[in-house]
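Chemist: Sharing a model that was predicted from the sequence below.
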Amino acid sequence: MTSTRRFEGKIAFITGAARGQGRAEAVRLASEGADIIAVDICKPLEYPAYPGATPDDLAVTVKEVEALGRRIVAREVDVRDFDALQQALSEGVAELGGLDVVVANAGVCTAATTWEHALEQWKETIDINLTGVFHTVKAAVPILLEQGRGGSIVMTSSVAGLRGLPFVAAYSASKHGVVGLCKTLANELGQHRIRVNTVHPAGVTTDMQPVEMQQMIADHAATLGPIFMNALPDEATDAEDIAGTVAWLPSDEARHITGAQIPVDLGTLIR
């Protein structure tokens, strides 16, 4: 764990924080001095083939942050529910004393050929991955503006937000949408010294793995396989690697970076 204390006295709000990238980001920011407001739905969703996060998962995040000597306010919240999300954030800000970093990380991924996406499958993905990010910034930005001390928003996109990744049309559309939202907000908020950036992982070793996609890739390996190939020899990235980039973007080391798309992709986008 890093010994750097770039976020001493700062408060970070993280969605999808019960496990995977969200937990890694909460722990990394806490290790650098931040107190954490953490939310996660903590229940199964309709379409993903992988299991959903649980209250026990969120409890582990709480335990790991507190073990670092930092405070954490954790709530079970669906990012699709704006009122509940806003309330959770308001309670966290009131308890911890402010807001400096927003990490819009909550997301879901399912696989199907585009024309075979069920209507509700499409809606669930867009509502969580794109509208959920909008809800997150809609709740957070007024707080940052009222404080008047700047801030940083980091949105989790994907390599699928920068290329037409096969078999994940809803996911890719939502992650492209996150990029557009980021760029617009970066223009709107720059004058207030609030920076907005996106992070673009490729495969990450978390529980968010649409197993049905592996067979689809195998079935089309001859024609579409190269799209999924990495330049580096590793098969996937660890959540902690993504957390390192997420922790760098709100730091003073990246103070002149906004509206940027930062790949952490093992070089797949240069293929």
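Modeler: Everything's here; your move.
Chemist: Show me where the chain has its helices.
Modeler: 20-31, 55-67, 82-96, 119-126, 132-147, 169-189, 211-219, 221-224, 239-248 (DSSP state H).
Chemist: just so I know, which of those lies nearest S157?
Modeler: Counting by C-beta to C-beta, S157 lies closest to helix 169-189 out of these; the figure is 4.6 Å. Every residue, glycine included, has its C-beta placed from N, CA and C.
Chemist: Could you list every helix and strand in contact with that closest one?
Modeler: Here helix 169-189 touches helix 119-126, helix 132-147, strand 151-156, strand 194-201, going by 3 or more C-beta pairs under 8 Å, 6 or more residues apart in numbering; DSSP states H and E.
Chemist: What is the shortest one packed up against?
Modeler: The elements that strand 151-156 packs onto, with contact taken as 3+ C-beta pairs under 8 Å, 6+ apart, are strand 101-104, helix 132-147, helix 169-189, strand 194-201, helix 239-248.
Chemist: doesn't V27 make contact with L68?
Modeler: Yes - contact criterion C-beta atoms under 8 Å: L68 and V27 qualify, at 7.1 Å.
Chemist: So for those two, which residue has more residues nearby?
Modeler: V27 (23 against 18; other C-beta atoms under 10 Å).
Chemist: With adjacent residues omitted, what lies nearest to that one?
Modeler: Leaving aside its chain neighbours, V27 sits nearest to E64 (5.1 Å; criterion: C-beta to C-beta, 6 or more residues apart in numbering).
Chemist: Based on its surroundings, how many neighbours for L185?
Modeler: By other C-beta under 10 Å, 21 other residues sit near L185.
Chemist: heads up, I number from 18, so please use that
Modeler: Okay, using 18 as the starting number, the last item reads as L202.
Chemist: give the contact list for it.
Modeler: V154, V158, I170, V213 (C-beta atoms under 8 Å, 6 or more residues apart in numbering).
Chemist: with those residues in mind, which one is nearest to F24?
Modeler: Each of the contacts of L202 was scored against F24 by C-beta to C-beta, and I170 proved nearest at 14.7 Å.
Chemist: Any idea what the closest one is bridged to?
Modeler: V119, V213 (DSSP bridges).
Chemist: ok, it - contacts?
Modeler: Listed by C-beta under 8 Å, 6+ apart, the contact partners of I170 are 118-121, 154, 157-158, 199, 202, 206, 211-214.
Chemist: hmm, try it at 7 Å
Modeler: Counting by C-beta atoms under 7 Å, 6 or more residues apart in numbering, I170 touches V119, A121, V154, L202, I211, V213.
Chemist: Redo those residues as TSV? Include distance to P61 and pLDDT.
Modeler: Formatted as TSV, the contacts of I170 follow (distance: C-beta to C-beta, whole Å; pLDDT from 0 to 100):
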residue	distance to P61	pLDDT
V119	26	98
A121	22	98
V154	26	98
L202	31	98
I211	35	98
V213	31	98
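Chemist: Before I go, just wanted to say thanks for your time.
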